[in-house]
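[1] let's see this in three dimensions:
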Amino acid sequence: MTAIDTSTERESVAAHRDVDVLLVDDRQENLLALEAILDPLGLNLIRAQSGEEALREVLRRDLAVILLDVQMPGMNGFETAKVIKSRERSRHVPIIFLTAISKEEQYVFEGYSVGAVDYLSKPFHPDVLRSKVSVFVDLHQKGRQLREQEQRLRLHERREIELQHRVRLSESEARMAEVVESAIDAIVMFDEAQRVTLFNAAAERVFGFAAKEAVGREIATFFPPEYRADFIDRVCASAPVARPGRSHSHVTPHLESALGVRSSGDTFPIECSVSCLELAEGKVYTIIARDVTERVRAENELRDQATTLANTMAELKSVNEELARRQVDLEKAITARSRFYASMSHELRTPINAILGYNTLLLDHIYGPLNEKQTQGVRRAQKAAKHLLELVNDVLDLSKIEAGKIELQLQPVPFPTLIEDLFVTVRPLADERRSELALAVEGEPRKIVSDPRRVRQILLNLLSNAIKFGNGKPIRVVYRALDHGGVQIDVVDHGVGIAAEDIPKIFDEFVQLQKTHNEQGTGLGLPISSRLATLLNGQLECESVPGEGSTFRLLLPANVEQHRAAPASAPSPAVDRADGTPRAERQVPSPVFQEGTRPRA
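    Here you go, the predicted structure:
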């Protein structure tokens, strides 16, 4: 044997010193023989002279292999092997059966069936046994090395996880510190001794203390004396407690209203919440406080405003009740006035008609000839009587509208035929004023369902006014057929025009902006026309430029009744009041449709 072989063998023997091999045989001489065969391997050989003793050694040791005799008194080798393989700790330990008697195949088969890795019959060659045991010893050592390596890997992984946890904890602490420092609310932490341990930047602004001055102070320092007695103890006792590593339902801290103390000694209102974290070294409390000075001031102002508003509402209620009473009285007065107008108009018509009749007889020389001065005087009286009759008729129409006694005679009204008929009526007046009348038709002729008498009354008033105040310039009437089935009639003159601020006034009763000695009127024509347009579910609008003329626009629906049933489709109301109130919002009573005059659908 060379020196290299000897050195290798020594290293192998030294490596096997801590390897346990169990030798089980009831005969002492057999155990000695096995020890002599295996001694060159340098193993830690453990003796056992029975199955029971072998089981005890299996429980105590980490065995590389077991050499087990088959025939033993008491528990034989097969029974011992079954128990060894039934235990989790020893089920993987290889077993080699050794026997000098049980050599039949059935015993060999039973040996393998109970978990043996080999079955040797005596006498056996020592080198063969040594080689077999050496293989299992090497496998055992490799398994041990793998387990040690696995333990080292697990230890390394655990250290890596711990390092990652430390990094995450450090990052979490840094983020928490950033959150605490950048929070807009004051955050103050204190221990069980009520000594401040953390004071963020917002707390410095709110309380006026620097963090280095605040840390170490008692938390009661930041509250006025009346809060120091039991406020801190009470909020700490009621604070929800959290514990690290334990799951707990989230409980929102209760908000407390209190007073804080600034470094100057001034008190101010705060709203705060207190939470508690229970650590191994003790409890840590956190107060999150917000300065609510501005909010309290705003609430006080709102409260004062609410009180003022309540007083104002009470005053308004009283005023509204008084206005309601006056409204009732006014309505009664208007009703009485309308009745008076109607009664007086009827009473005045009889003598006026008599005056007109007798004047006509005088002018026709029924009672004899008149000289020039007498004729002139009678004509003036005739003109004044006609003006008075117009006034009485207008007052009667106005009183009927206000009393809601206008009866509409609904029937088809043809356009532009009606306008052409009106031109015939006003032609003498236009010729007298040297005004040319022109009709422009835009769209196909159309019939609408309305009251022709009231439509004629409106347009006749507009044409008469255009002729009277048109300074003898051409009068143009434009007819347009609208998409929704209605019509639009524009009466355009080129007279002196109306100032923008005066347009709303012309629809008020008894208002005449251009009254002269030659142009007398009642001041009721346009107000009556406007209200009649509203009763017909239409609109009367005015556009005018001083010095250039005026345009009066009449809009009428296709059907008065259908348009009344669907007010959402009505055109936008025009403004005719000085305060901007739309004419459509005037309290104009609904018309009365005379029985038998409604158009068929």
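
[2] for the rest of this, base every contact and every neighbour count on C-alpha atoms.
    OK.

[3] how distant is the helix or strand containing residue 164 from the center of its chain?
    Using DSSP states H and E, residue 164 falls within helix 126-182. Centre-to-centre, helix 126-182 and its host chain are 54 Å apart (CA atoms, centre = their mean, to the nearest Å).

[4] next: stretch 94-111.
    With CA atoms, centre = their mean, you get 86 Å for stretch 94-111.

[5] what about the strands in the stretch 301-450 of the chain?
    407-408, 411-415, 437-442, 446-450 (DSSP state E, counting those that start in this stretch).

[6] ok, back up a step: for the helix or strand just after the helix holding residue 164, packing partners?
    Remark: after helix 126-182, the chain's next helix or strand is strand 186-191, criterion DSSP H and E. Packed against strand 186-191, as judged by 3 or more CA pairs under 8 Å, 6 or more residues apart in numbering; DSSP states H and E, are the following elements: strand 196-199, helix 201-207, strand 282-291.

[7] what sits up against the helix or strand that the second one is followed by?
    Sequence order places helix 211-214 as the next helix or strand after helix 201-207, per DSSP H and E. When contacts are defined by CA atoms under 8 Å, 6 or more residues apart in numbering, helix 211-214 is touched by residues 196, 198-201, 204.

[8] which of those sit farthest apart?
    196 and 201 (14.2 Å; CA to CA).

[9] now the angle from the longest strand anywhere in the chain to strand 282-291?
    Ranked by number of residues, the top strand in the chain under DSSP state E is strand 267-279. Going by axes from the mean of the first three to the mean of the last three CA atoms, to 10 degrees, strand 267-279 is angled at 150 degrees with respect to strand 282-291.

[10] which residues touch strand 267-279?
    224, 235-236, 239-244, 253-262, 283-293, 296.

[11] switch to 7 Å and redo it
    With contacts defined as CA atoms under 7 Å, 6 or more residues apart in numbering, strand 267-279 is touched by 235-236, 239-243, 253-261, 283-293.

[12] how about it: buried residues?
    Within strand 267-279, the residues that count as buried by 16 or more other CA atoms under 10 Å are 267-277.

[13] residue 81 contacts residue 113, correct?
    No - the pair residue 81 / residue 113 is not scored as a contact, 10.0 Å apart, by CA atoms under 7 Å.

[14] picking that back up, list buried residues within the contacts of strand 267-279.
    Here, 16+ other CA under 10 Å leaves 235-236, 239-242, 253, 258-261, 283-292 buried among the contacts of strand 267-279.

[15] returning to that earlier point: tell me the one of the contacts of helix 211-214 nearest residue 553?
    residue 201 (72.1 Å).

[16] quick one: the closest one and residue 179 touch, right?
    No - the pair residue 201 / residue 179 is not scored as a contact, 10.7 Å apart, by CA under 7 Å.

[17] pLDDT below threshold where in the stretch 251-400 of the chain?
    For the stretch 251-400 of the chain, applying pLDDT under 70 flags the ranges 251-253, 338, 341-346, 387, 390-391, 393-400.

[18] hmm, try it at 80
    Along the stretch 251-400 of the chain, the model assigns pLDDT under 80 to residues 251-254, 280, 334-350, 352, 358, 382-400.

[19] that one: helices as residue ranges?
    Assigned by DSSP state H, counting those that start in this stretch, the helices in the stretch 251-400 of the chain fall at 293-363, 372-403.

[20] want to try TSV for the ones you listed, with distance to residue 119 as columns?
    Formatted as TSV, the helices of the stretch 251-400 of the chain follow (distance: least, CA to CA, whole Å):
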stretch	distance to residue 119
helix 293-363	94
helix 372-403	131
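
[21] deepest of those, which one?
    Mean neighbours per residue, mean count of other CA atoms under 10 Å, is largest over the helices of the stretch 251-400 of the chain for helix 372-403, with a mean of 17.

[22] tell me who's in contact with residue 551.
    490-493, 542-544.

[23] which of these fall within strands?
    Short answer: those in strands (DSSP E) are 490-492, 542-544.

[24] what number of residues lie near residue 38?
    20 (other CA atoms under 10 Å).

[25] residues contacting whichever strand or helix holds it, please?
    Per DSSP H and E, residue 38 falls inside helix 28-38. For helix 28-38, the surrounding residues in contact (CA under 7 Å, 6+ apart) are 23, 25, 126, 130.

[26] CA atoms only: put that helix into CSV for me.
    C-alpha atoms of helix 28-38 as CSV (Å, rounded to 0.1, in the frame of the first residue of the first chain):
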residue,chain,number,x,y,z
GLN,A,28,-22.0,-12.0,21.5
GLU,A,29,-19.6,-13.7,19.2
ASN,A,30,-21.5,-12.6,16.2
LEU,A,31,-21.4,-9.0,17.3
LEU,A,32,-17.6,-9.3,17.9
ALA,A,33,-17.2,-10.7,14.4
LEU,A,34,-19.2,-7.9,12.8
GLU,A,35,-17.1,-5.3,14.7
ALA,A,36,-13.9,-6.8,13.5
ILE,A,37,-15.2,-6.7,9.9
LEU,A,38,-16.4,-3.1,10.1
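
[27] so what strands line up beside the next helix-or-strand element following that helix?
    Using DSSP H and E, the helix or strand that follows helix 28-38 towards the C-terminus is strand 44-48. Looking at strand 44-48 with DSSP bridges, its partner strands are strand 20-24 (parallel).

[28] now do the partner strand and helix 28-38, the angle between them.
    Using the same axes, to 10 degrees: strand 20-24 against helix 28-38 is 150 degrees.

[29] can you list the residue ranges for helices in the stretch 451-600 of the chain?
    Using DSSP H, counting those that start in this stretch, helices in the stretch 451-600 of the chain cover 452-468, 525-535, 560-565.

[30] point out the most buried one among these.
    helix 525-535 (a mean of 23).

[31] pLDDT of that one, averaged?
    Helix 525-535 carries an average pLDDT of 87.

[32] can you name every helix or strand that that helix contacts?
    helix 452-468, strand 539-545 (3 or more CA pairs under 7 Å, 6 or more residues apart in numbering; DSSP states H and E).

[33] switch the cut-off to 8 Å
    helix 372-403, helix 452-468, strand 539-545.

[34] for the shortest one, name the packing helices and strands.
    Counting contacts by 3+ CA pairs under 8 Å, 6+ apart, strand 539-545 is packed against helix 525-535, strand 549-556.

[35] pull the CA atoms of the longest one into PDB?
    Meaning helix 525-535. Output of helix 525-535 as PDB, limited to C-alpha atoms (Å, rounded to 0.1, in the frame of the first residue of the first chain):
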ATOM      1  CA  GLY A 525    -105.100 101.200 -28.300                       C
ATOM      2  CA  LEU A 526    -101.700  99.400 -27.800                       C
ATOM      3  CA  PRO A 527    -102.500  98.200 -24.200                       C
ATOM      4  CA  ILE A 528    -105.800  96.600 -25.500                       C
ATOM      5  CA  SER A 529    -104.000  95.200 -28.600                       C
ATOM      6  CA  SER A 530    -101.300  93.700 -26.400                       C
ATOM      7  CA  ARG A 531    -103.800  92.000 -24.100                       C
ATOM      8  CA  LEU A 532    -105.900  90.800 -27.000                       C
ATOM      9  CA  ALA A 533    -102.800  89.200 -28.500                       C
ATOM     10  CA  THR A 534    -102.200  87.500 -25.200                       C
ATOM     11  CA  LEU A 535    -105.800  86.200 -25.100                       C
END
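
[36] got the buried residues for stretch 52-61?
    For stretch 52-61, by 16+ other CA under 10 Å, it's 54-55, 57-58.

[37] out of those, who's nearest residue 68?
    residue 54 (9.0 Å).

[38] run through the residues that contact that closest one.
    Counting by CA under 8 Å, 6+ apart, residue 54 has contacts 22, 24, 48, 80.

[39] which among the contacts of helix 28-38 end up buried?
    Using 16+ other CA under 10 Å, the buried ones in the contacts of helix 28-38 are 23, 25, 130.
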